[in-house]
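# fold the stuff below for me.
(one chain, ligands or ions: 3)
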Amino acid sequence: MRSPRDFLKPLCVGAPDPITEVPFPPSRMIHFFDASNEKMRAKLPDIAAKADIVLGNLEDAVPVDRKVAAREGLVTVGKEIDLGGTQLWTRINALDSPWCIDDLTTLVGEIGDKLDVIMVPKVEGPWDIHYIDRLLAQLEAKAGVKKPILVHAILETAQGVAHVDEIAAASPRMQGMSFGPADLAASRRMKTTRVGGGHPGYLSMSDPTLDADGQIDASVARVTAQQDPWHYSIARMVDACTTNGCLPFYGPFGDIKDVAACEAQFRAAFLLGCVGAWSLHPVQIDIAKKVFSPPVDEVLFAKKVLEAIPDGKGVHMIDGKMQDDATWKQCKVMVDLATMLSEKDPELKAAYGF
Ligand SMILES: CCC(=O)SCCNC(=O)CCNC(=O)[C@H](O)C(C)(C)COP(=O)(O)OP(=O)(O)OC[C@H]1O[C@@H](n2cnc3c(N)ncnc32)[C@H](O)[C@@H]1OP(=O)(O)O
Ligand SMILES: O=CC(=O)O
Ligand SMILES: [Mg+2]
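Ligands and ions are numbered 1, 2, ... in the order given. Next up is the predicted model:
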């Protein structure tokens, strides 16, 4: 473990100083695109106008014979496309792949000053972040990058979940984490082929009705309800990120046509504390925008509470509900998020009444 006194010193002579606080601009969706696909690249200015973050994916879903084209396509994006205020991220290939080192050297060398965040897949423990941290510092120093590139880990292995707190605390570069249900399911040998969402087999069942002899009456239907197989891990990720001042995100939802289930999955993550989710298809940008912008009625109520209790102390009744120091803080979370999003989105600003 590094000395706390050294934690905020650059890991290479000439590298930029690490940041002390993770920036939190609008981050409701991380929109994935395949930079090897010229058609998708051409659409990027339009996509960027709608999305908070666009991410050039180099890892899974990019075939082996297009890995280099995806990397080079992303360099073209960084050099030639004006994304306005939208953040540019990448997901590099995994640390145990032969492409990872060239992903990092090429991207930092060519567009290091354009890349906000590097997403690292299949992070298993703090050692993976330490490797990336030092290498990025060396590459930043070599390329003369002025602002430190931040690191985002995907939580998608059983080992990663077991080390989630140490991963979140591993470096001041840690911007946040995304929850990866597909690789995580495979890593844990969960028996599902779905990407996120529930499963009709993962349910709880009401007790049976007994007949006069005390036997189970099979003719009486029993109520079942699907449970959330991801709750435990997402909640752990939220705690680990929040404890260490970085941002938790839900990851992919694979059934693109099932917009209702996507919205439900995103909302469950929002309610647990996630700030955004991945969008794999343009249709999911709008879902994420809707879900990760706090609901207007809740924001209006939260504003009312803050206005009614200027010092945030004591006990009060507002609209029939008890409010005190803790509920004031809940309301502050809601109003702060709404205020931040309103700065980018005039429609939300009007709806929230700012
Ligand atoms: C599961 C674990 C993970 O790692 S998830 C992350 C890795 N996966 C990805 O990044 C997948 C990204 N998404 C995609 O490749 C596509 O959306 C997939 C899922 C293949 C569906 O594409 P497709 O069959 O073309 O859909 P579509 O016909 O409805 O498309 C309509 C128009 O929209 C475009 N589009 C599609 N996806 C994107 C995207 N992510 N970004 C930008 N544009 C996109 C399509 O090209 C299509 O355009 P057009 O109408 O033909 O001009
Ligand atoms: O990369 C994401 C996942 O779910 O796997
Ligand atoms: Mg994955």
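
# at which residues are the helices of the stretch 201-350 of the chain located?
For the stretch 201-350 of the chain, the helices defined by DSSP state H, counting those that start in this stretch cover 231-243, 259-272, 282-292, 296-308, 325-342, 346-352.

# following element in sequence after the one helix or strand in the chain whose mean pLDDT sits lowest, please.
Lowest by mean pLDDT, DSSP states H and E among the helices and strands of the chain is helix 38-42, with a mean of 92. Next along the chain after helix 38-42, taking DSSP states H and E as the criterion, comes helix 44-50.

# now tell me what touches that next one from outside.
31, 33, 54, 77, 81-84, 86, 282, 285-286, 289 (CB atoms under 8 Å, 6 or more residues apart in numbering). The C-beta positions use only the backbone N, C-alpha and C, and glycine is treated the same way.

# could you rerun that using 7 Å?
31, 33, 54, 77, 81-84, 86, 282, 285 (CB atoms under 7 Å, 6 or more residues apart in numbering).

# kindly report the same for stretch 292-307.
28, 270, 275-276, 318, 323, 327-328, 331-332, 334-335, 337-338, 341, 348, 351-353.

# on that earlier part again, out of the contacts of helix 44-50, list just those in strands.
Among these, the members falling in strands are 31, 33, 54 (criterion: DSSP state E).

# tell me the contacts of the last one?
What it means is Val54. 31, 33, 44, 47-48, 83, 86, 88.

# next: the first one.
If a contact means CB under 7 Å, 6+ apart, then His31 has 47, 51, 53-55, 279, 285 as its contacts.

# could you measure it against Val151, distance?
Using CB to CB, to the nearest Å, His31 is found at 19 Å from Val151.

# got it, and Val238?
18 Å.

# go on, Ala338?
28 Å.

# tell me the domain ranges of this protein?
29-292, 294-353 (the TED database).

# out of those domains, deepest packed?
Stretch with highest mean neighbour count among the domains of the chain: domain 29-292 (a mean of 18; mean count of other CB atoms under 10 Å).

# quick check: end-to-end length of that domain?
Using CA to CA, to the nearest Å, the end-to-end distance of domain 29-292 comes out at 8 Å.

# hmm, back to that, just send the contacts of helix 44-50 back as a markdown table, with pLDDT too.
Output for the contacts of helix 44-50, formatted as a markdown table (pLDDT from 0 to 100):
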| residue | pLDDT |
| --- | --- |
| His31 | 98 |
| Phe33 | 97 |
| Val54 | 98 |
| Val77 | 97 |
| Ile81 | 96 |
| Asp82 | 95 |
| Leu83 | 96 |
| Gly84 | 94 |
| Thr86 | 97 |
| Pro282 | 97 |
| Ile285 | 98 |
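
# out of those residues, which touch ligand 1?
33, 282 (CB under 6 Å from any ligand atom).

# closest one to Phe179 out of the contacts of helix 44-50, please.
His31 (16.8 Å; CB to CB).

# from Val305, how far out is the residue nearest to the spatial centre of the chain?
With distances taken as CA atoms, centre = their mean, Phe249 lies nearest the centre of the chain, 2.1 Å away. As judged by CB to CB, Phe249 and Val305 stand 28 Å apart.

# which residues of the stretch 51-200 of the chain lie near ligand 2?
Counting by CB under 6 Å from any ligand atom, the residues of the stretch 51-200 of the chain that sit close to ligand 2 are 154, 156, 180-183, 195.

# let's go with 5 Å and repeat that
156, 180-183 (CB under 5 Å from any ligand atom).

# show me these that map onto helices.
181-183 (DSSP state H).

# nearest to Ser233, of those?
For these, the nearest to Ser233 is Pro181 (8.6 Å; CB to CB).

# for that closest one, give me its contacts.
195-196, 230, 251.

# quick one, grab the pLDDT at the nearest residue to Leu150 once chain neighbours are set aside.
Nearest non-adjacent residue to Leu150, counting by CB to CB, 6 or more residues apart in numbering: Gln175, 3.7 Å away. Gln175 carries a pLDDT score of 98 in this model.

# returning to that earlier point: and the two most separated of the contacts of His31?
Checking those with CB to CB, the most distant pair is Leu55 and Ile285, at 12.3 Å.

# name the residues of this protein found near ligand 3, please.
Proximity of the chain to ligand 3 (CB under 5 Å from the ion) is limited to residues 156, 180, 183.

# of the contacts of His31, closest to ligand 3?
Leu55 (13.0 Å; CB to the ion).

# roughly how far apart are the closest one and Gln138?
24 Å.

# now swap in Gly353 and tell me
Separation of Gly353 from Gln138 (CB to CB) stands at 49 Å.

# tell me how far the strand or helix carrying Ile101 lies from the chain's centre.
Using DSSP H and E, Ile101 sits in helix 100-111. Remark: helix 100-111 is offset 23 Å from the chain centroid, using CA atoms, centre = their mean, to the nearest Å.

# so what does the following helix or strand past it touch, helix or strand wise?
Moving toward the C-terminus from helix 100-111, the next helix or strand (DSSP H and E) is strand 117-120. Applying 3 or more CB pairs under 7 Å, 6 or more residues apart in numbering; DSSP states H and E, we find strand 117-120 packed against strand 87-91, strand 150-155.

# no more questions from me, cheers.
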